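Trainee: no sequence on this one, just coordinates:
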């Protein structure tokens, strides 16, 4: 009996030892071997999943590259200070009365800073299971604190509440920066198990065309350790972890002047402009300093149906009489007219049902005078002398009817790097066969098939100022690593046409004729501007859903004696009897440019 009892005890111990050994081996297998295996359905290992489950984190920075203006001002990816709330400790929750009493005064002050009631703040904090970056009442992101507010919140010393830097992509305010673009969730990738690290990708504008450069190498997160109930472990501090790569995110520098962009947006908004675009180019380089598109849009609240995200500065529209610059250039280049040739305008052009925009005749006038007052009769007569090929070739030589924006092959890892997306070529003729005189007459005054983008229109002025040499408008000038080391400079270049170029003498004549528009023609109201200006007006007749509408244009340069800026203003789809808002805005923009330049 006694031996049997000993055997049973021994057998039990043996079985228990075997079970413990199996458990130890299993734990060793999990800890040493299986920890590096991926959990099915995720991209994380077993060890990483265990770490994730014991942490509660919030993303402070997606790691996406920053976009800057020409003066190093941030356009996308601005770092702000914000209030971060983390789950409380379990003992703090059990002693909620004591905690509330001790923190009452600091919490009252915190509520004031955040712009909420004390009760709202208490309710939000007590129910927290996940970290919270206090939300802004405007847009989707967290509330931005001023430097003074951030310092005060930190000084309050409230447990589980900290002030952290947050990389805000946009400010939640509607603007005309359609060229910048917006982000949307990447459909080809899954979010992280916590649902925080949602992959975002550029969907339009620079965010889309520069996506490979803007993609980051990892998130920056703030986290605390929690127990199985989601309560913060006693003494667990708020910690931050980041990729630690000294080269990323990249910094991308544009040619845009943020302050100028905002100033023009404000002018356009106050003017009552509803649809259209404004482009400001540096006459020396052809660089884009401002590009405003209306209606405005909010990159955090994009409506696919609304179309506000479309960049109208890159979309072709009927130009009207600004195209007379091309017609005059073609006629002068062909030698079929001269500046002092005399024409006669009776108010009606007998052929093709064309009339002068004034409704009455101008009488006898020269080419220069006809250009200044935008006489349709003069340009109809020139069109009958020209061929369709001559008009088309001259337009192409001046940068119309084709892509002109800056691009480069085999640059920064791109087969073709072209920062501006959605640029339309525009049209001159949809067909040149047969070469119909009536089609040429309508084309010569910027109607029929002619369509031009506001960017092309502004660049046309730069082309004339460079003696007929077409430059490629540039919006991206350089890329650097996060540590400031240069990755690549992107110098400007020309955009020549197979149709050749116009002569310098013709370019000079056209610029002189544009000055007459302001001193003696349709742009006379611009004589009161701070700088002397030159340009060309245009009014194009269009149909929008069967309703007669007009496009109003004014394009030009200033100051006349030493040109610094080329500007195009296109006010689209207005009532036919509307005042010419484009001329008014053109003057206001140049007054803004003169004041900002001299400041």
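Mentor: Nice, I can see it. Keep in mind it's a predicted model, so treat the numbers as computed, not measured.
Trainee: tell me the mean pLDDT for the strand or helix carrying residue 207?
Mentor: Assessed by DSSP states H and E, residue 207 sits inside helix 205-209. Average pLDDT, helix 205-209: 97.
Trainee: Kindly tell me how buried the closest residue to residue 541 other than its chain neighbours is, as a neighbour count.
Mentor: The spatially closest residue to residue 541, leaving aside those adjacent along the chain, is residue 550, at 6.2 Å (CB to CB, 6 or more residues apart in numbering). From N, CA and C alone the C-beta is placed, and that goes for glycine too. By the measure other CB atoms under 10 Å, the count of residues near residue 550 is 22.
Trainee: Just give me the residue closest to the centre of this protein.
Mentor: residue 180 (1.4 Å; CA atoms, centre = their mean).
Trainee: thinking again about what came up before, was I right to think the residue nearest to residue 541 contacts residue 544?
Mentor: No. Counting by CB atoms under 8 Å, residue 550 does not reach residue 544; the two are 10.0 Å apart.
Trainee: which residues do the two both contact?
Mentor: Residues touching both residue 550 and residue 544 by CB atoms under 8 Å, 6 or more residues apart in numbering: residue 573.
Trainee: show me where the stretch 301-450 of the chain has strands.
Mentor: 342-345, 348-349, 354-355, 363-366, 408-411, 414-417 (DSSP state E, counting those that start in this stretch).
Trainee: most neighbours per residue, which of these?
Mentor: strand 348-349 (a mean of 18; mean count of other CB atoms under 10 Å).
Trainee: circling back to that earlier point, what are the bridge partners for the residue nearest to residue 541, then?
Mentor: residue 541, residue 574 (DSSP bridges).
Trainee: so what's it up against?
Mentor: Counting by CB under 8 Å, 6+ apart, residue 550 has contacts 539-542, 573-576, 578.
Trainee: Turn those into JSON lines, including pLDDT and distance to residue 135.
Mentor: Formatted as JSON lines, the contacts of residue 550 follow (pLDDT from 0 to 100; distance: CB to CB, whole Å):
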{"residue": "539", "pLDDT": "96", "distance to residue 135": "47"}
{"residue": "540", "pLDDT": "95", "distance to residue 135": "46"}
{"residue": "541", "pLDDT": "93", "distance to residue 135": "49"}
{"residue": "542", "pLDDT": "94", "distance to residue 135": "44"}
{"residue": "573", "pLDDT": "96", "distance to residue 135": "37"}
{"residue": "574", "pLDDT": "96", "distance to residue 135": "39"}
{"residue": "575", "pLDDT": "95", "distance to residue 135": "42"}
{"residue": "576", "pLDDT": "94", "distance to residue 135": "47"}
{"residue": "578", "pLDDT": "94", "distance to residue 135": "42"}
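Trainee: Tell me the one of those residues nearest residue 401?
Mentor: Closest to residue 401 out of these is residue 540 (16.2 Å), distances taken as CB to CB.
Trainee: what about that closest one, neighbour count?
Mentor: Neighbours of residue 540 (other CB under 10 Å): 24.
Trainee: go on, the one 4 residues further on?
Mentor: Number of residues near residue 544 (other CB under 10 Å) recorded here: 11.
Trainee: Name the nearest residue to it, ignoring sequence neighbours.
Mentor: The nearest residue in space to residue 544 (CB to CB, 6+ apart) is residue 573, at 5.3 Å.
Trainee: can I assume residue 175 is in contact with residue 296?
Mentor: Yes. The pair residue 175 / residue 296 is scored as a contact, 5.6 Å apart, by CB under 8 Å.
Trainee: residues shared between the contacts of those two?
Mentor: residue 265.
Trainee: which secondary element of the chain has the worst mean pLDDT?
Mentor: Here the helix or strand of the chain ranked lowest by mean pLDDT, DSSP states H and E is helix 46-53, holding a mean of 45.
Trainee: can you give me the helices in the stretch 51-200 of the chain?
Mentor: 90-94, 96-114, 118-126, 147-156 (DSSP state H, counting those that start in this stretch).
Trainee: Mean pLDDT lowest where, among those?
Mentor: Looking at those, the bottom one is helix 90-94 with a mean of 53.
Trainee: that older thread, mind checking pLDDT for the residue nearest to residue 541?
Mentor: 96.
Trainee: Against residue 177, how distant is it?
Mentor: 27 Å (CB to CB, to the nearest Å).
Trainee: before we move on, what about residue 436?
Mentor: 42 Å.
Trainee: cool, and residue 470?
Mentor: Counting by CB to CB - residue 470 and residue 177 are separated by 26 Å.
Trainee: So residue 332 sits against residue 507, correct?
Mentor: No. Residue 332 lies out of contact with residue 507 (CB under 8 Å); the separation is 9.7 Å.
Trainee: before we move on, back to that, if you drop the residues flanking it in sequence, what lies closest to the residue nearest to the centre of the chain?
Mentor: Going by CB to CB, 6+ apart, residue 180 has residue 205 as its nearest residue, at 5.0 Å.
Trainee: and the one you found, how many neighbours does it have?
Mentor: 25.
Trainee: contacting residues for it?
Mentor: 177-182, 311, 421 are the contacts of residue 205 under CB under 8 Å, 6+ apart.
Trainee: Leaving out sequence neighbours, find the closest residue to residue 60.
Mentor: Nearest to residue 60 is residue 220, by CB to CB, 6+ apart, at 4.8 Å.
Trainee: State the distance from the one you found to residue 237.
Mentor: Taking CB to CB, one finds residue 220 at 17 Å from residue 237.
Trainee: Kindly report the same for residue 207.
Mentor: 35 Å.
Trainee: Between these two, tell me which one has more neighbours.
Mentor: residue 207 (25 against 9).
Trainee: burial count for the residue nearest to that one when sequence neighbours are not counted?
Mentor: With CB to CB, 6+ apart as the criterion, residue 207 has its nearest non-adjacent residue at 3.6 Å, and that residue is residue 181. By other CB under 10 Å, 24 other residues sit near residue 181.
Trainee: Please apply the same query to residue 440.
Mentor: With other CB under 10 Å as criterion, residue 440 counts 24.
Trainee: give me every residue that touches the spatially closest residue to it that is not a sequence neighbour.
Mentor: Spatial nearest neighbour of residue 440, chain neighbours left out: residue 383 (4.4 Å); criterion: CB to CB, 6+ apart. Going by CB under 8 Å, 6+ apart, residue 383 touches 327, 391, 437, 440-441, 443-445.
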